[in-house]
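Asks: pasted the sequence and its predicted model underneath.
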Amino acid sequence: MFDPSWQRGSFIVSLSFNLTVSPTAQYNEPHKVAEIVRELSMRFSKFLFFVSCCFLLAGCSGQKSKPGEKTVEFWQFWTNPNAKAVIENAVAEYEKTHRGVKVKITDLTWNDGHQKIVSAFAAGRPPDLLELGSDWIAEFAAEGVLMDLSAEAVKTQDRFVGWSAAIYNDKCYALPWYLGTRVLFINRKAAETAGLNPEQPPITWGQLLNWTSAMNNFRPSVYGFGANAPEKHRLYKKFLPFLWSNGGRILSEDGNFSDIDSDLAITALEYYVKLVKESFVEKQSVLDDMFVQGRLGMVFSGDWLLKKLRAAHAPPDYSVALVPYPAPGRGAQISFAGGEYLAIPKKAKEPVLALQLARSLRNEKNSTNLCIATGGATPANVAAAANPYFSEDPNRSVFIRQLQSSRTPPPHRKWVYIEQIIEEAIEKAMYEKLTPEEALYEAARKITARLRED
Amino acid sequence: MRKLGWAQGHSTGTFGLLLPWLFTFALFWLYPLAHSAFLSLTDYNPLTGAFRLVGLRHYARLFSDPDFLLALKNTCIFVIGTVPVTTAFALFLALGVNRKLPLRGLFRAGYFVPTLTATVVVALLFVHLYAQGGYLHTLASMLGLAEADRGLLLSEKTALLSVMVMDIWVSAGYYMLLFLAALQQVPQDLYAQAELCGASAWQKLRFVTLPLIKQITLYVVLINTIKSFQIFTEIFVMTQGGPVGATSTVVYFVYREGFEKFRMGYASAGAYVLFFVILLISIVQARFFGFFRRADS
């Protein structure tokens, strides 16, 4: 389809060429050749100048929608081809029911998506509908750039789960789309080889440590447990289940100070450091690959590992289990919950259409299809989660059960600072720069100081 | 012939040909540079656009921020560790492939391939090479060397060194080509004369080759220094500044402050401190190589 702005541009180019580059001098006098060359050079540079301006104008004109057509800009993170196909189908269905509306999908990656979103807000040109990670909502909501969706939340609260991460200062700023949690993956063959019964997975911290030690006897072909190396935005997700399961917390009830240095929290970190000492320590991607290769006995991971295992050529025989209790009859089995949410920026050009698109993406059919296509993830839509695909699969049903006792980090505008301080504390304890008690004491002071800053 | 009054010998034609580049230079380089300088004096929030002037407060704070000082220290170690080694290694490779060897074209291409590969790809490759249980680890255990309990990128002692080794391997090929071009400009009769005078290979290198490739050596050292001070992609992909800040660098610090904590003003101040450090070192290097000396003296 020929863009009219390019037509205009090429007309101006040809006109300017005819006006500026036509040779005028005669060539039968050699001493005039240098003058001719200079003249041509000047005219050529004027021609280049015109061409540059034409291209600039054409480039700045932008793509215009057809008259009467509205465009909804949707930024999302599902770039996997199977998932993207589901999104595109869902969008096509939406466009059929909304004549004159076009949805423009922009793909983001988790590596740089956050920066792109920040840049879009900074430029005053955010999209109409935006997919956000659960731990980003509070930081954007605190800056006042997201639309209040409390009315929508009230209408649909019984049909969806995972609302806690979307609530900031008693208002809802995003709609849960899908959720994820962390469970314990177990290599059944490695367990049997070590004389352990995979039908009775470890349910306490003590048992987890014993299993790790037993499987470590087969190093280096198999390591007992895979623990996360210091990795930004990942390490804290592996420690928080231990903290919460033991009754510890990050912030006080009123959110004015941190009590991450409580005895319960220190006990959790002491155990975590002990477990790490016995473990194979690497980045999450390496741990997942090692588990798929059958070289790890156990690892805490999320639903993306289910997909990797299904795609593997020769995956190990595995099962999944809930995260363990601190001790028999003590604590709880609380894991980390995260998820993806749909939010509408305040400066969205088509907020009503964006909300309708969000409803369409979150309905039972599209939620189920997306989870099936990705091979992982759990829908926030309650009806979709009840689908036999989830409830009758022995591994996915564990994810659903774990989600019921999972927690999201406290939605706080300074969460990015709090997260960094927690990760630094865990790192210092892991690398024995500080004892767990010293590390958490320092973290509590830093977090409290940060909370009190302007 | 019309001439511009302010630039003897330049015609409007030359200026016109330069115009597109000047325009993009002004728009994508000069303007961001000036805007960033302004931001460094403010508390700018990119999400809301709000800002207030704070003067030199960010600059003062930087020099008492342990994270920034650690990043600056690591960056300096990185530069001091990689620039001389990369330069020497590239020259060594160039001297090698400049000889009449069989398949020297293949060697030249082979040493250049890492430069052609995207940094992210190389970094991801090395993450797996350096991992515990990765190729290097397996090779070490096969050779009977002591097993490390952590991957090379997860140990404070080896993380920065591992990134430096990777950087040297990636960069040497590019500078090798520059040295190769310079070596091929050296008149061969000078070597013949040196041989007649009884010069050894080392004396030929020291008294013939090195002086004649001095300008390209300056260029290599300058460019490599500037690039090394700006190390970011490798850190972002491989270590994210860890473990325990052992590989944190200034540009990574700027990135975290600006794009994760939304403190654009503070991040801009950090970027400007780096700019002045690089500028100062570049001037010192240029003077050392006699770049500013007049050609007739």
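Replies: Noted; the coordinates are in hand.

Asks: show me the helices in the stretch 101-250 of chain B, by range?
Replies: Read by DSSP state H, counting those that start in this stretch, the stretch 101-250 of chain B holds these helices, from start to end of the chain: B:104-116, B:119-130, B:135-142, B:159-183, B:188-196, B:201-204, B:210-212, B:214-229, B:233-238, B:250-255.

Asks: just the pLDDT at B:Gly144, thanks.
Replies: We have a pLDDT of 78 for B:Gly144.

Asks: neighbours around it, how many?
Replies: Neighbour count of B:Gly144, defined by other CB atoms under 10 Å in any protein chain shown: 6. Where C-beta positions appear, they are placed from N, C-alpha and C, glycine not excepted.

Asks: distance of it relative to B:Leu196?
Replies: When CB to CB, to the nearest Å is applied, the distance between B:Gly144 and B:Leu196 equals 51 Å.

Asks: ok, now B:Ser171?
Replies: As for B:Ser171, its distance to B:Leu196 is 38 Å (criterion: CB to CB).

Asks: and these two? Which one has more around it.
Replies: More neighbours surround B:Ser171 than the other of B:Ser171 and B:Leu196, with 24 against 8 (other CB under 10 Å).

Asks: isn't the more buried one right up against B:Tyr111?
Replies: No. With contact defined as CB atoms under 8 Å, B:Ser171 and B:Tyr111 do not form a contacting pair (10.9 Å).

Asks: got CSV for the helices of the stretch 101-250 of chain B, with distance to chain A too?
Replies: As requested, the helices of the stretch 101-250 of chain B are arranged in CSV below (distance: least, CB to the nearest CB, whole Å):
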stretch, distance to chain A
helix B:104-116, 22
helix B:119-130, 7
helix B:135-142, 7
helix B:159-183, 10
helix B:188-196, 37
helix B:201-204, 46
helix B:210-212, 36
helix B:214-229, 21
helix B:233-238, 8
helix B:250-255, 8
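
Asks: ranking those by burial, who's on top?
Replies: Per-stretch averages of neighbours, counted by mean count of other CB atoms under 10 Å in any protein chain shown, single out helix B:250-255 among the helices of the stretch 101-250 of chain B, with a mean of 24.

Asks: could you give the angle of the following helix or strand past that helix to helix B:214-229?
Replies: Counting by DSSP states H and E, the element after helix B:250-255 in chain order, helix or strand, is helix B:264-288. Calculated by axes from the mean of the first three to the mean of the last three CA atoms, to 10 degrees, helix B:264-288 forms an angle of 160 degrees with helix B:214-229.

Asks: what average pLDDT does stretch B:214-230 get?
Replies: For stretch B:214-230, the mean per-residue pLDDT is 93.

Asks: how far does that stretch sit from its chain's centre?
Replies: With CA atoms, centre = their mean, to the nearest Å as the basis, the distance from the averaged C-alpha position of stretch B:214-230 to the chain average is 7 Å.

Asks: what's the answer for stretch B:269-276, then?
Replies: On the basis of CA atoms, centre = their mean, stretch B:269-276 is displaced by 16 Å from the centre of the chain it belongs to.

Asks: what does that stretch rub up against?
Replies: When contacts are taken as CB atoms under 8 Å, 6 or more residues apart in numbering or on different chains, the neighbours of stretch B:269-276 outside the stretch itself are B:36-37, B:40, B:58-59, B:62, B:68, B:72, B:75, B:229-230, B:250-251, B:253-254, B:257.

Asks: and those, which two are the farthest apart?
Replies: B:Ala37 and B:Thr75 (20.7 Å; CB to CB).

Asks: pick out whichever of the two has more residues nearby.
Replies: Higher neighbour count among B:Ala37 and B:Thr75: B:Thr75, with 23 against 14, using other CB under 10 Å.

Asks: before we move on, which element is the more buried one in?
Replies: helix B:66-97.

Asks: the stretch 301-450 of chain A: strands as residue ranges?
Replies: Assigned by DSSP state E, counting those that start in this stretch, the strands in the stretch 301-450 of chain A fall at A:318-321, A:335-343, A:378-379, A:406-407.

Asks: excluding residues flanking it in the chain, which one is nearest the residue of the stretch 151-297 of chain B at minimum distance from chain A?
Replies: Among residues of the stretch 151-297 of chain B, the one nearest chain A by CB to the nearest CB turns out to be B:Gly242. It sits 4.0 Å away. Nearest residue to B:Gly242, sequence neighbours excluded (CB to CB, 6 or more residues apart in numbering or on different chains): A:Pro230, at 4.0 Å.

Asks: and that neighbour, helix, strand or coil?
Replies: Classification of A:Pro230 into helix, strand or coil gives coil, according to DSSP: H, G, I helix; E, B strand; the rest coil.

Asks: would you mark the buried spots in stretch B:79-98?
Replies: When burial is assessed from 16 or more other CB atoms under 10 Å in any protein chain shown, stretch B:79-98 yields the following buried residues: B:79, B:81-83, B:85-87, B:89-91, B:93-95, B:97-98.

Asks: what's that stretch in contact with?
Replies: Residues lying outside stretch B:79-98 but in contact with it, judged by CB under 8 Å, 6+ apart, are B:104, B:107-108, B:111, B:161, B:164, B:167-168, B:171-180, B:183-184, B:205, B:209, B:217, B:220-221, B:224-225, B:228-229.

Asks: and stretch A:93-105, by the same measure?
Replies: Identification of contacts with stretch A:93-105 by CB under 8 Å, 6+ apart yields A:65, A:68-76, A:87-88, A:91, A:350, A:353, A:356-357, A:360-361.
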